[in-house]
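# Sequence first, predicted model second:
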Amino acid sequence: MTVEIGHYALVLALCVASALALLPSLELCGFFSKKDTNDSAQPSISANPDMSPIYALSRPLACALFLLCLFANAMLIRAFLLSNFSVLLVWQHSHSQKPDLYKFAAMWGNHEGSMLLWVLVLSTFAALIAFFSRTTRLNQLTLAIQSGICALFLAFTLFFSNPFARLYPSALDGQGLNPILQHPALAIHPPLLYMGYVGLSAAFSTTLAGLILNDLHTDWAKSTRVWTLVAWSFLGAGITLGAFWAYEELGWGGFWFWDPVENASLMPWLLASAGLHALMSYIKTNSLRSWAILLVLLAFSASLLGTFLVRSGVLVSVHSFASDPLRGIIILLCVSLITGSSLCLFAWRRLADGDKTASTEDKPASDRRISLLSREAGQFLNILLLSCCCALVMLATLYPLFFEFFTGNTLSVGPPYYANVLTPFFLLLVAILGLLPVLGWGGSSLSRVKRYIFWVAPIACGGGLAMLVFARTSATVAIAVALGLWALVGALRTRSSKHARGARFAHAGIAILLIAVACASLTDIEKFRKMSLGERITINNALSSTTLELQDIFARTGTNYQERVARFAFIEKDGKSLSPSRRVYHPSKIETTEAAIDRNIYRDIYITIATIKRNASKPSSELDDSLSVRVQLKPLMFWVWIGAGITVFGGILSLLPNRASGRRRLP
């Protein structure tokens with residue numbers, strides 16, 4: 001019965017979201033307005049929005065929408081935890097022997113459950129808009145648009161992706177979750193990613209409301225910046241956890257394969273990064289307003305595009321959810337409706353108002369000449385570079401789809417394309433980040449810039465030369481290290497406000513990430529060997545050397561799997577060992593590779609083993625005493641995660657309110 005109650009909660013949530021979307025919109029259009037003494041209709045919110053009885057219902061309705069969606073999610077999670085195999089979704093993606101953590105995470109490890117999580121996040125941001133924004137025409141229309149998007153996806157979930165569908169007759173046990181998804185990081189990765197993906201809807205709704213009302217002033221920019229920062233931080237954390245899962249679980253030793261679905265999460269993050277730079281320029285100097293509007297709209301549109309790619313079946317990926325063409329068509333229609341209408345409205349405003357949609361006292365300075373030695377110029381270059389990176393990633397992601405559609409042949413775009421095409425853009429981006437601290441809003445003197453360069457450049461060049469001479473790396477790694485140090489020193493030397501310190505942390509994290517990724521990806525060492533018990537393997541580079549001995553091969557049984565394990569002992573470290581394995585999960589009989597990793601701040605030792613085959617001359621109960629081993633030494637992998645974490649922390653720090661202002665509500 002609780003399953004049906006969860007379904008009814010979704011139906012009621014659809015009704016509430018529709019009411020929340022329609023009533024404020026009708027109020028703004030004057031349907032509930034009072035007439036003055038001259039019988040002229042005036043919207044009741046024109047003087048004081050708090051006086052409107054319709055708007056008085058907004059917060060209770062938004063709270064009800066959130067609670068109903070939360071309740072529906074809780075009912076589905078309960079069905080998974082209790083192994084209720086009368087629910088079709090539970091039977092397809094769970095098993096009675098699975099640990100409770102993965103029963104819980106299985107709720108969003110599929111299309112229907114993840115759509116339920118999607119609408120929960122949409123309703124969460126609708127509630128946040130209602131409770132943390134002042135009651136103005138802009139914010140009320142923002143809430144209506146956010147609720148309308150929520151209603152659209154609630155309808156899609158109920159009619160095309162019902163997570164509460166029953167299975168008749170009920171099964172005794174389930175089919176189990178995909179084994180590669182059974183990792184602790186996957187228990188929190190999707191919620192974080194969706195808070196970023198879907199969180200961009202709040203910034204989108206605010207911007208679309210501003211376009212409709214022709215009210216795009218600095219208050220709009222400040223509010224939109226907050227929502228974009230929230231989504232950007234969550235999305236960055238989700239991408240980082242996804243990369244960490246791929247590094248630990250997939251067994252190939254990398255953390256980013258430029259998979260199309262991985263790219264689907266990267267594109268909104270790039271556009272949101274560009275949008276944040278444009279919004280800050282508009283807040284500080286009234287410039288780049290049109291760029292800010294467009295980038296915010298495109299960021300959420302890219303999230304919707306990612307939804308289509310993941311759920312339509314047009315891509316084959318370990319990250320994709322569904323392969324139903326009908327669902328793909330419905331999602332594509334939703335994407336086209338939301339994206340097309342917003343971009344058409346933006347183009348109409350540009351043509352009708354001549355890029356002067358702000359009030360006369362808040363007129364943008366977009367036609368003012370920007371000094372080349374100003375922060376605005378640096379921000380604009382960052383925007384162009386981030387937008388180009390996103391366009392190139394989108395081209396490589398979508399081109400194989402169009403190629404197959406028009407020719408019938410398959411084509412894949414691999415990591416070499418991204419490395420060759422994106423590296424120059426990213427290096428130039430980091431170089432500009434290192435110069436931003438010395439550039440002031442409105443302009444800076446040439447002598448100040450020269451002094452800064454003469455002070456920082458020797459440090460950066462020294463780091464690059466040290467990599468060439470002592471670590472014997474390639475020129476590409478040396479350049480990456482030099483530019484990373486250039487940006488890192490620039491970020492650390494600046495004293496600024498709390499919000500600006502958040503940006504400095506984010507830029508410092510990007511610099512650390514560049515250095516770590518360059519070293520881990522371009523200076524890693526890999527060895528393959530067939531080893532027998534007692535044999536040793538040594539892997540080393542210019543800075544470290546590690547020797548491992550294969551000491552044992554044994555079988556082990558887990559909660560819902562059986563595995564064969566190889567134990568390698570470190571010769572240099574008494575008592576320390578690594579135990580990679582091959583697992584076979586029940587009931588799917590899928591075999592996976594489980595890597596063993598030894599970490600420190602300088603390098604990772606990453607070991608995987610191939611399938612362990614039995615020796616035909618031995619009894620079936622005994623294991624062969626040899627196996628194929630792959631050992632990798634990956635420099636500075638620890639700092640990949642640290643750099644990404646610092647970047648996310650910078651976004652969170654920028655969200656903290658100033659003590660001086662004491663404001664608790666958004667503009």
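Right, received. Where do you want to start? All figures in this text were calculated on a predicted structure; none of them were measured in a lab.
# what's the closest non-adjacent residue to the residue sitting nearest the centre point of the chain?
Centroid check for the chain by C-alpha atoms, centre = their mean gives residue 235 as the closest residue, at 3.0 Å. Spatial nearest neighbour of residue 235, excluding adjacent residues (C-beta to C-beta, 6 or more residues apart in numbering): residue 196 at 2.5 Å. All C-beta atoms are positioned from the backbone trio N, CA, C, and that covers glycine.
# Can you tell me which helix or strand of this protein has the lowest average pLDDT?
Least confident helix or strand, the chain: strand 41-42 with a mean of 42, by mean pLDDT, DSSP states H and E.
# what packs against the longest strand belonging to the chain?
The strand that spans the most residues within the chain, counting by DSSP state E, is strand 545-557. The contact analysis (3 or more C-beta pairs under 8 Å, 6 or more residues apart in numbering; DSSP states H and E) places strand 545-557 against strand 536-540, strand 561-570, strand 603-609, strand 626-635.
# That strand pairs with which strands, parallel or anti?
Strand 545-557 has its sheet partners listed here by DSSP bridges as strand 536-540 (antiparallel), strand 561-570 (antiparallel).
# and that strand, C-alpha only, in CSV?
This file holds the C-alpha atoms of strand 545-557, laid out as CSV (Å, rounded to 0.1, in the frame of the first residue of the first chain):
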residue,chain,number,x,y,z
SER,A,545,61.1,3.2,-6.9
THR,A,546,58.8,0.5,-5.7
THR,A,547,59.2,-3.3,-5.7
LEU,A,548,56.3,-5.7,-5.2
GLU,A,549,56.4,-9.5,-4.6
LEU,A,550,53.5,-11.8,-5.4
GLN,A,551,53.0,-13.8,-2.2
ASP,A,552,49.6,-15.5,-2.4
ILE,A,553,46.5,-16.2,-4.5
PHE,A,554,43.4,-17.2,-2.7
ALA,A,555,39.6,-17.2,-2.9
ARG,A,556,37.2,-15.1,-0.8
THR,A,557,33.4,-14.8,-0.5
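# Might you list the low-confidence residue ranges for the stretch 1-150 of the chain?
Per-residue confidence for the stretch 1-150 of the chain (pLDDT under 70) gives these ranges: 25-55.
# Which parts of it are strands?
For the stretch 1-150 of the chain, the strands defined by DSSP state E, counting those that start in this stretch occupy 34-35, 41-42.
# Give the helix, strand or coil label for the residue nearest to residue 235.
Of the three states, residue 196 takes helix according to DSSP: H, G, I helix; E, B strand; the rest coil.
# Isn't it up against residue 227?
No: at 11.3 Å, residue 196 does not count as touching residue 227 under the criterion of C-beta atoms under 8 Å.
# Pick the most buried one from the strands paired with strand 545-557.
strand 561-570 (a mean of 19; mean count of other C-beta atoms under 10 Å).
# after it comes which helix or strand?
As assigned by DSSP states H and E, the chain's next helix or strand after strand 561-570 is strand 577-578.
# So what touches that following strand?
With contacts defined as C-beta atoms under 8 Å, 6 or more residues apart in numbering, strand 577-578 is touched by 548, 551, 567-570, 596-598, 605, 607.
# pLDDT and distance to residue 349 for the residues you listed - can I get that in CSV?
Putting those into CSV (pLDDT from 0 to 100; distance: C-beta to C-beta, whole Å) gives the following:
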residue, pLDDT, distance to residue 349
548, 92, 64
551, 91, 70
567, 93, 66
568, 94, 64
569, 94, 68
570, 91, 65
596, 94, 57
597, 95, 53
598, 93, 57
605, 93, 57
607, 95, 58
